[in-house]
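>>> okay, sequence plus prediction incoming.
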Amino acid sequence: MVQHQTPDFNKAQSEAEKLINQFEFTSAPIDPEQIAEGLGVDVLYAHFKPEVSKKLSGLIDINNNRIIINKDIHPNRMIFTIAHELGHYIMHKDYAASNEYKTLPRHDNYAENAKPAVEREADAFAANLLMPAKLVRKYKDFATVSELAKMFCVSEQAMRYRLNRV
């Protein structure tokens, strides 16, 4: 199975919005673990070997319907990682079940557009799930970036990025 090269950000947004509506979230924060478990996906927390722990936030084990999260990362990173892996579960099931699926190391220094399309889609899905445009717009004129980040349980960096796109 060959992966596409261009991320479908509209699909990521619409799939995230479907889940927000399905699980009837009307205010922040959105709980991706509740959504995963509601879909029959277990969320497990594990300690990884030190050399792996530095590089890996989590992964989807599609064959066993579970997301495995690195117990040693920041809680906001855990939340984003659950949402990101849920994006793979919703949008990339065939890929995640294939021999082509690879767990990629975490780092924020990808060259522009060098991050694989499926990873960029899963990031977009996570951003749309955790920071729905409708809710961000509702509060953005009344709260600082720091306050919004706390409200939505995301990093300030993620919130700044999201604010530039709503």
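Yep, that arrived.

>>> Ile79 touches Pro32, doesn't it?
Yes: contact status for Ile79 versus Pro32: in contact at 6.3 Å, counting by Cβ atoms under 8 Å. For every residue, glycine as well, the C-beta is placed using N, CA and C.

>>> what sits in contact with each of those two?
Leu130 (Cβ atoms under 8 Å, 6 or more residues apart in numbering).

>>> more neighbours: these two, which one.
Pro32 (28 against 24; other Cβ atoms under 10 Å).

>>> the bottom helix or strand of the chain by mean pLDDT?
Lowest by mean pLDDT, DSSP states H and E among the helices and strands of the chain is helix 93-97, with a mean of 81.

>>> and the helix ranked longest in the chain, what does it pack onto?
The longest helix of the chain (DSSP state H) is helix 75-91. On a contact count with 3 or more Cβ pairs under 8 Å, 6 or more residues apart in numbering; DSSP states H and E, helix 75-91 meets helix 9-22, helix 32-38, strand 58-61, strand 66-70, helix 93-97, helix 117-130.

>>> what does that helix rub up against?
11-12, 15-16, 19, 29-30, 32-33, 35-36, 39, 41, 43, 45, 57-60, 62, 67, 69-70, 73, 95-96, 118, 121-126, 129-130, 149, 153-155, 158.

>>> in ChimeraX, select just the buried ones from those residues.
The buried residues among the contacts of helix 75-91 can be selected in ChimeraX (16 or more other Cβ atoms under 10 Å) with this line:
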select :12,15,16,19,30,32,33,35,36,41,43,57,58,59,60,62,67,69,70,73,95,96,118,121,122,123,124,125,126,129,130,149,153,154,158
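
>>> just the CA trace of the longest helix of the chain, in CSV.
Coordinates of the C-alpha atoms in helix 75-91 are reproduced here as CSV (Å, rounded to 0.1, in the frame of the first residue of the first chain):
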residue,chain,number,x,y,z
PRO,A,75,0.6,15.2,30.2
ASN,A,76,-0.2,17.7,27.4
ARG,A,77,2.0,15.6,25.0
MET,A,78,0.1,12.5,26.2
ILE,A,79,-3.2,14.1,25.3
PHE,A,80,-2.0,15.2,21.9
THR,A,81,-0.4,11.8,21.2
ILE,A,82,-3.7,10.0,22.0
ALA,A,83,-5.5,12.4,19.6
HIS,A,84,-2.8,11.9,17.0
GLU,A,85,-2.9,8.1,17.2
LEU,A,86,-6.7,8.3,17.1
GLY,A,87,-6.3,10.1,13.8
HIS,A,88,-4.4,7.1,12.5
TYR,A,89,-7.1,4.8,13.8
ILE,A,90,-9.8,6.8,12.1
MET,A,91,-8.1,7.8,8.8
